[in-house]
Structures are given as C-alpha cells and as structure tokens.
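below: sequence and its predicted model.
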Amino acid sequence: MSRYAKGPRFPMGRPVIKPAAQAVLDEVGISGVVLLARHIHGDWGDLSIEDQTTNELALLTGKRLLSNYDLSGGGKVWIITEADRSVTTILLPEDY
C-alpha cells in the first residue's frame, strides 16, 4: 500500500491557481488537480530534506505548507497552503 493511500493529510481549503501557473501547466500537459492531490497527500515534490521536515512539523503546529514540483523543460510550480488551511494556491516561484 502506498504511503499516500490513506487520504488527504490536511484540508486544502479553497483551491486557487495563478494565471501564469495555469499557462505553464497547460504548456507541459499537467493538470493542477494532479499536483494538488500530491500536495494534500504529503508528497511535497522536489523539496530538500530540511524543507520536507519543515512541512512535517507544520502539519503538527498549524503552519503554512509548501510543495515544489519541477516540470519538464526546467520550469517549476509551487503549491502553498496557508496556515489556517483556508486557501491552497498553485503559483510560479516568481509570483510569490
């Protein structure tokens, strides 16, 4: 059984995608929904061990969560869930 098979690890709130991030995902043929599913199941993508540990602690302490997904062609998108779990945003790093 996959470690992500148990369901979401936290509520994502309202999903939002910035227009530039949508354009990049459309360009590489990846659905934002797929990345959101990975994020809420605790697959933080291409983060350092330190940042993964920060996310694990954030789950326990109610802090903001960040995932980073590297895309083909050298691009990347971030997904950020706010500390109050009201909104989860897909964005480009330069949109932050």
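Thanks, I have it. Residues are numbered from 1 along each chain as shown.

buried ones in the one helix or strand Asp51 maps to?
Assigned by DSSP states H and E, Asp51 falls within helix 49-61. Neighbour-count burial for helix 49-61 flags Thr54, Asn55, Ala58 (criterion: 16 or more other CB atoms under 10 Å). C-beta: built from backbone N, CA, C; applies to glycine.

just checking, what packs against that helix?
strand 65-70 (3 or more CB pairs under 8 Å, 6 or more residues apart in numbering; DSSP states H and E).

got the contact list for Ile79?
Contacts for Ile79 (CB atoms under 8 Å, 6 or more residues apart in numbering) come out as Leu35, Leu36, His39, Leu66, Ser67, Tyr69, Thr88, Thr89, Ile90, Leu91.

return the subset of those residues lying in helices.
Leu35, Leu36, His39 (DSSP state H).

find the centremost residue of this protein, please.
Nearest to the mean C-alpha position of the chain, counting by CA atoms, centre = their mean, stands Ile79 at 3.2 Å.

who does it bridge with?
Ser67, Ile90 (DSSP bridges).

so for stretch 13-28, mean pLDDT?
If you average the pLDDT over stretch 13-28, you get 97.

begin at 9 from now on, thanks
Okay, using 9 as the starting number, the last item reads as stretch 21-36.

buried residues in it, which are they?
Going by neighbour count (16+ other CB under 10 Å), the buried part of stretch 21-36 is Pro23, Ile25, Lys26, Ala29, Val32, Leu33.

follow-up on the earlier one: which one of the buried residues of helix 57-69 sits closest to Gly53?
Asn63 (10.3 Å; CB to CB).

would you confirm that the closest one contacts Ser56?
No - under the criterion of CB atoms under 8 Å, Asn63 lies out of contact with Ser56, with a separation of 10.8 Å.

can you redo the buried residues of stretch 21-36 as JSON lines with distance to Tyr104 and secondary structure?
Conversion of the buried residues of stretch 21-36 to JSON lines gives the following (distance: CB to CB, whole Å; DSSP: H, G, I helix; E, B strand; the rest coil):
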{"residue": "Pro23", "distance to Tyr104": "17", "secondary structure": "strand"}
{"residue": "Ile25", "distance to Tyr104": "14", "secondary structure": "strand"}
{"residue": "Lys26", "distance to Tyr104": "10", "secondary structure": "coil"}
{"residue": "Ala29", "distance to Tyr104": "11", "secondary structure": "helix"}
{"residue": "Val32", "distance to Tyr104": "14", "secondary structure": "helix"}
{"residue": "Leu33", "distance to Tyr104": "17", "secondary structure": "helix"}
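
perfect, I'm done here.
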